[in-house]
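Participant: need a structure here:
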Amino acid sequence: MSEEKKIFYNTAIYARLSIEDNGTTGDSLENQIFIVRQYIEKCPELNLVSTWVDNGQAGTDFERPGFQALMDEVRKGKINCIAVKDLSRFGRNYLETGNYLEKIFPYLGVRFISVNDGFDTLHGKTADGLLVPLKAILHDNYAKDISKKICTSLDVKKKSGRFMGKIPPYGYVRDPQDRYRLVVHRERAEVVRLIFQWKLEGMGAVAIARKLNDKKVPTQFQIRFQEGHGDGKPDSLWRGSSVTEILKNPCYLGCMVERKSGRALYQGKEKASIPREQWNLIPGTHEAIIEEDIFYQVQELMDRSKERRNQQIEANRHKKRTKNILAGRIKCGVCGSGVHRDSGYFNKDGTLNHYSFYCTRKYMSENGCPSKAVEERELLDAVFWVCKKELEVLADMAEVLAGVEKEVKSDSYLSEWEIKLQGLEKEQKNLRKRRTELYEDYKEGLLSEQDYRFARNQYISDCEQAESRMEEIRQRMNEAEEVLETDRGWMENLLKFKDSDCFTSAMCEAMIKQVVLYEDRIQVMFPFMDEFEKTEKVLEWYGNRGQMGTIRTEVEDGGENWRFVSETFG
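Facilitator: Just a heads-up that it's a prediction; the model follows:
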């Protein structure tokens, strides 16, 4: 029992409120946090470190931003106890909740407390603890019951022709008198008609998108931004995919599609797209923008295009394509748009000649981006070179950190500072005593007021200097503890790539946050800069910074007059 009392737990409060729970008495986020905080205050072994919340998040799965951020802190070793108001706030999925309580948390050494359920994993499966699986099942069934009611309600509303989507299709807006009814926006409807007309004239979706961009026609997200919606994007562009979405949408016939995708928790089904041939169209729900014969002519054209693409795919199946390992991590530094990899250039035998990266705005006839296309091999070589240089820095940092840690762990290091601290404390005590004696001499007339003030100010100055030196020593001793507590796991994971001879997907995943591509250089951003800077600061305290600063290096390539300047920064 005495052993148990010595253990202290870095505790995090977790609170969750879903949309259906909102407004339920006693379940507000503030109330959940208040109840758990009161419980923690009564437990001296619990040290409250942080509070994490998920507002508007369902409890049927654990892909919630607040919970995932909390688990990141757990994996870093910063939290070893999680406390919630009750199990329903933690999760409503019986299987996943049980997996966390019985497998994940014990493996990570995490104590779990559910206050209102009287459940604490520290005390094992007590009589009350046996109720937890039953409660988890009840919460799971409750979530499925809510899912069934919501799905049924939405189906009824859609069958009556009510628009239940978040954003009306381009060309329509919500009726000011009835938010579930669509009305035509005259100017945007003309854009939709032009898109269908251009398609019938033989233009492809990408060509139509370029033409819309050249004419500065506002996109859906630009309109959303102008209207003050949080999901709006002032610089969004028309793309082939957004044009295709308009061309395929039967909403422009005046029909409402009952359901394009479905997810029924109560049936145990995950979200999945419903095939177009299975769509249930509800006609006459709003004014049409496109005539039926035009709409179906376009569908026939698109079906033929799709068939040709499938034939091309089949014909090109022998080509040895490679994975784009920089996908989602590269953008244009000239205009800020995305950067795509082309479909590649292949030899007759199907072997790869090369891929190229290009800005998505490069081929716009107006307001296009002036940046040049870059061959993939050339770009990957430059990124790999930057990563290798960074790994050399990390290797030096690890070596210096190990030396500092060895010095700090030695008995002589701390004892040296403790002796200096004790000496200064004694000196300060003597100065204060002499200052008191000085005042007594002045009161007895042994010192003039001028001599007293001069000596008094000197003693005050000496005391302040002693206090300043003592504070420096205390800082040094605290820094020593920082060194011993510095997390080096991130560094060890990265140094596994130190001897790599090529750039791989695994290296990209671990080391690359973003690559910004300019006309004559690249910028590489690393995801571990917070940890890097914290470790660098610890080494600075000990005067061992050396070459730990930002790398700025240049590589010349005479072949295509391509010059990389690789810069790493946070």
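
Participant: what stretches of the stretch 101-250 of the chain score poorly on pLDDT?
Facilitator: By pLDDT under 70, the low-scoring segments of the stretch 101-250 of the chain are 124-161, 164.

Participant: quick one, strands of it?
Facilitator: 111-114, 119-120, 172-175, 178-184 (DSSP state E, counting those that start in this stretch).

Participant: Identify all contacting residues around the last one.
Facilitator: In other words, strand 178-184. By C-beta atoms under 8 Å, 6 or more residues apart in numbering, the list of residues contacting strand 178-184 from outside reads 157, 162-164, 168-169, 171-175, 251, 285-287, 289. C-betas here are computed from N, CA, C, even on glycine.

Participant: who wins for most neighbours among those?
Facilitator: Ile289 (26 neighbours; other C-beta atoms under 10 Å).

Participant: My guess is that residue contacts Glu190. True?
Facilitator: No. Using C-beta atoms under 8 Å as the test, Ile289 is too far from Glu190 to be in contact (9.1 Å).

Participant: circling back: out of the contacts of strand 178-184, which comes closest to Gln38?
Facilitator: The shortest approach to Gln38 among those belongs to Met164, at 41.5 Å (C-beta to C-beta).

Participant: how close does Leu391 get to Lys429?
Facilitator: Look at Leu391 and Lys429: by C-beta to C-beta, to the nearest Å, they are 52 Å apart.

Participant: Pull the distance from the longest helix seen in the chain to the chain's centre.
Facilitator: Identified as the longest helix of the chain according to DSSP state H is helix 449-485. Helix 449-485 has its C-alpha centroid displaced from the chain centroid by 45 Å (C-alpha atoms, centre = their mean, to the nearest Å).

Participant: helices or strands up against it?
Facilitator: Counting contacts by 3 or more C-beta pairs under 8 Å, 6 or more residues apart in numbering; DSSP states H and E, helix 449-485 is packed against helix 376-409, helix 411-443, helix 529-541.

Participant: Give the buried residues for the longest one.
Facilitator: Same thing as helix 376-409. Neighbour-count burial for helix 376-409, with 16 or more other C-beta atoms under 10 Å as criterion, is recorded at 376, 378-388, 390-391, 393-394, 397-398, 400-401, 404, 408.

Participant: Check the strands of the stretch 101-250 of the chain for me and report the most buried one.
Facilitator: Comparing the strands of the stretch 101-250 of the chain by mean neighbour count (mean count of other C-beta atoms under 10 Å), strand 111-114 comes out on top with a mean of 22.

Participant: Just the residues contacting it, thanks.
Facilitator: 9, 39, 80-87, 90, 100-101, 105, 119-122, 132.

Participant: what do you get if the cut-off is 7 Å, keeping everything else the same?
Facilitator: 9, 80-84, 86-87, 90, 101, 105, 120-122 (C-beta atoms under 7 Å, 6 or more residues apart in numbering).

Participant: Equivalent analysis for stretch 501-511, please.
Facilitator: So stretch 501-511 is contacted by 323, 325-326, 380, 383-384, 387, 493-494, 497, 500, 526 (C-beta under 7 Å, 6+ apart).

Participant: Doesn't Ile82 belong to a strand?
Facilitator: Yes. Ile82: assigned to a strand according to DSSP: H, G, I helix; E, B strand; the rest coil.

Participant: Go ahead and confirm it touches Tyr14.
Facilitator: Yes. Counting by C-beta atoms under 7 Å, Ile82 does reach Tyr14; the two are 5.7 Å apart.

Participant: Tell me which of the two has more neighbours.
Facilitator: Between Ile82 and Tyr14, counted using other C-beta under 10 Å, the more crowded position is Ile82 (26 against 23).

Participant: and Asn47, which of the three is it?
Facilitator: strand.

Participant: roughly how far apart are it and Ala83?
Facilitator: The value you get for Asn47 to Ala83, if C-beta to C-beta is used, is 12 Å.

Participant: Which residues are in contact with each of the two?
Facilitator: Common neighbours of Asn47 and Ala83 (criterion: C-beta under 7 Å, 6+ apart): Thr11.

Participant: Name the residue in the two with the higher neighbour count.
Facilitator: Just comparing Asn47 and Ala83: by other C-beta under 10 Å the higher neighbour count belongs to Ala83, 26 against 13.

Participant: which phi and psi does Arg64 have?
Facilitator: The phi/psi pair for Arg64 (degrees, to the nearest 10) reads phi -120, psi 140.

Participant: need the contact list for it.
Facilitator: 54, 57.

Participant: Just the pLDDT for it.
Facilitator: pLDDT recorded at Arg64 is 87.

Participant: And Glu472, by the same measure?
Facilitator: Value for Glu472, per-residue pLDDT: 81.

Participant: swap in Ala315?
Facilitator: In the prediction, the pLDDT value recorded for Ala315 is 66.

Participant: number of nearby residues for Ile290?
Facilitator: Residues within reach of Ile290, counting by other C-beta under 10 Å, total 24.

Participant: for Gln197, same thing?
Facilitator: When neighbours are counted by other C-beta under 10 Å, Gln197 registers 14.

Participant: just the one 3 residues further on next, same as before
Facilitator: Under the neighbour criterion other C-beta under 10 Å, Leu200 is assigned a count of 11.

Participant: any low-confidence regions in the stretch 251-400 of the chain?
Facilitator: In the stretch 251-400 of the chain (pLDDT under 70), the answer is 258-273, 276-280, 312-313, 315-320, 346-353, 363-367.

Participant: any chance you could map the helices in it?
Facilitator: 292-315, 376-409 (DSSP state H, counting those that start in this stretch).

Participant: nearest to Leu424, of the ones you listed?
Facilitator: helix 376-409 (20.8 Å).

Participant: re earlier: present the contacts of stretch 501-511 as TSV; the columns should include distance to Gln220.
Facilitator: Below are the contacts of stretch 501-511 laid out as TSV (distance: C-beta to C-beta, whole Å):
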residue	distance to Gln220
Lys323	31
Ile325	31
Leu326	28
Leu380	35
Val383	34
Phe384	39
Cys387	38
Asn493	41
Leu494	41
Phe497	42
Ser500	43
Phe526	34
